[in-house]
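K.L.:
Just to be clear, the model below is a prediction. Sequence and coordinates:
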Amino acid sequence: MMERSSRPTRWQLVSVLTVGVLAVSTAAVLIRLALQAGNTRGVGFSLMLAEFRVAIASLCLLPVWRARATAPLESKAIACSIGAGIFLALHFATWITSLSYTSVAASVTLVTTNPIWVAIFTWFGWGERPTRTTAVGIALGLVGGGTIGAADWLATGTSTWLGNGLALTGAIAASLYLLLGRSAQRRGLAWQTHAAIAYVTATLVLLPLPPLWGVSYVNWSPSVYGWALLLALGPQLLGHTSLNWSVRWISPTLVTLVLLLEPLGAGLLAFWIFGEVPEPHIWLGAGIVLSGVAIAAVGEQTPRTSASG
């Protein structure tokens, strides 16, 4: 990408965010394909997928980090990256597991409620009050997301409270992951260094968990490992790394608002791969989400500085 000291142009920011959103939009479909290939569901298998996702991404990113890690690292910045990695592990553990207990549309919709949590955390923890325009965009985005989720729940007619709760927990964890990542980079860490520390931390946190649920890392079909590899290279390495870079330059609230496009992308992929035809309410919700993102973008045109650094 570029050096930490050079400010990217708007076109570069839009391009990186677009790539990031497209990449993360494939995650839910890849997870469902892995679940089908493994012919199983549940906590243990989901934790195994989460571990493979961050472990493979860490191995790919470490050589880049070692080539650039020449400057001394500030302890507070490292602590922020480690904290981000812990919340990243919690995000994957809860959200990937949610896909075993609720639908793709409901899970992806709830996990992209990040804007409300980021707005709350940045207001009370980082001292960044959202603009009125951004607040309108957040409201519209959440109304659109709620429309998508409500239509899905009405269509399934089943109790999915566990999966929905896990997805919501994943959204809160992802918000803290982005905010701590922004703080780490503003304290001097290059995005490569922060991403490497966060991914390795998440890898170490998740590593012992699948065996606790009786799931082994071996003896699965090759297709399970293939989908896990794509999950690591696409949504994680390309998608999350793009988002890590973006929060260095623009408000994390705007980054999470752009991520509200993920349900639309995931829904289109589910239609293409699984033949799932979205309900009319889902198209309506997607239109409201897009309107919210556009309005919020107007209110977040200039990068903000954190009160805490």
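P.N.:
Here it is on my side, so go on.
K.L.:
Quick one: the helices in the stretch 151-300 of the chain, in order.
P.N.:
Remark: helices assigned in the stretch 151-300 of the chain by DSSP state H, counting those that start in this stretch are 161-186, 191-206, 209-212, 222-231, 241-246, 252-258, 262-274, 280-299.
K.L.:
Mean pLDDT per helix and strand in this protein: which one sits at the bottom?
P.N.:
Within the chain, no helix or strand scores below helix 280-299, which has a mean of 73 by mean pLDDT, DSSP states H and E.
K.L.:
ok and that helix relative to helix 262-274, angle-wise?
P.N.:
Computed by axes from the mean of the first three to the mean of the last three CA atoms, to 10 degrees, the angle separating helix 280-299 from helix 262-274 equals 140 degrees.
K.L.:
begin at 25 from here
P.N.:
Sounds good: first residue 25 from here, last item helix 304-323.
K.L.:
Give me the contacts around helix 304-323.
P.N.:
129, 133, 139, 154-158, 160-176, 277-278, 281-282, 284-285, 287-288, 291, 302 (CB atoms under 8 Å, 6 or more residues apart in numbering). (C-beta placed from N, C-alpha, C; glycine too.)
K.L.:
hmm, back to that, out of the helices of the stretch 175-324 of the chain, which is closest to Gly109?
P.N.:
When these are compared by CB to CB, helix 215-230 sits nearest Gly109, at 2.6 Å.
K.L.:
quick revisit: filter the contacts of helix 304-323 down to the buried ones, PyMOL style.
P.N.:
Typed into PyMOL, the line below selects the buried ones among the contacts of helix 304-323, using 16 or more other CB atoms under 10 Å:
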select buried, resi 129+133+139+154+155+158+160+161+162+163+164+165+166+168+169+171+172+173+175+176+277+278+281+282+284+285+287+288+291+302
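K.L.:
how about stretch 231-241: buried residues?
P.N.:
Leu233, Pro234, Val239.
K.L.:
I'd like the residues you listed as TSV, with distance to Ala256 and pLDDT appended.
P.N.:
Shown next, in TSV, are the buried residues of stretch 231-241 (distance: CB to CB, whole Å; pLDDT from 0 to 100):
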residue	distance to Ala256	pLDDT
Leu233	17	95
Pro234	16	95
Val239	18	94
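K.L.:
returning to that earlier point: dump the least confident helix or strand of the chain to PDB, keeping only the CA atoms.
P.N.:
Extracted C-alpha coordinates of helix 304-323, given in PDB (Å, rounded to 0.1, in the frame of the first residue of the first chain):
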ATOM      1  CA  PRO A 304     -38.800  -8.400  -1.300                       C
ATOM      2  CA  HIS A 305     -38.200  -7.100   2.200                       C
ATOM      3  CA  ILE A 306     -34.500  -7.900   1.800                       C
ATOM      4  CA  TRP A 307     -34.200  -5.800  -1.300                       C
ATOM      5  CA  LEU A 308     -36.000  -3.000   0.500                       C
ATOM      6  CA  GLY A 309     -33.600  -3.300   3.400                       C
ATOM      7  CA  ALA A 310     -30.600  -3.300   1.100                       C
ATOM      8  CA  GLY A 311     -31.800   0.000  -0.500                       C
ATOM      9  CA  ILE A 312     -32.200   1.600   2.900                       C
ATOM     10  CA  VAL A 313     -28.700   0.400   3.900                       C
ATOM     11  CA  LEU A 314     -27.200   1.900   0.800                       C
ATOM     12  CA  SER A 315     -29.000   5.200   1.500                       C
ATOM     13  CA  GLY A 316     -27.600   5.200   5.000                       C
ATOM     14  CA  VAL A 317     -24.000   4.500   3.800                       C
ATOM     15  CA  ALA A 318     -24.300   7.400   1.300                       C
ATOM     16  CA  ILE A 319     -25.600   9.900   3.800                       C
ATOM     17  CA  ALA A 320     -23.100   8.900   6.500                       C
ATOM     18  CA  ALA A 321     -20.200   9.300   3.900                       C
ATOM     19  CA  VAL A 322     -21.200  12.900   3.400                       C
ATOM     20  CA  GLY A 323     -20.900  13.500   7.200                       C
END
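K.L.:
Lovely, talk soon.
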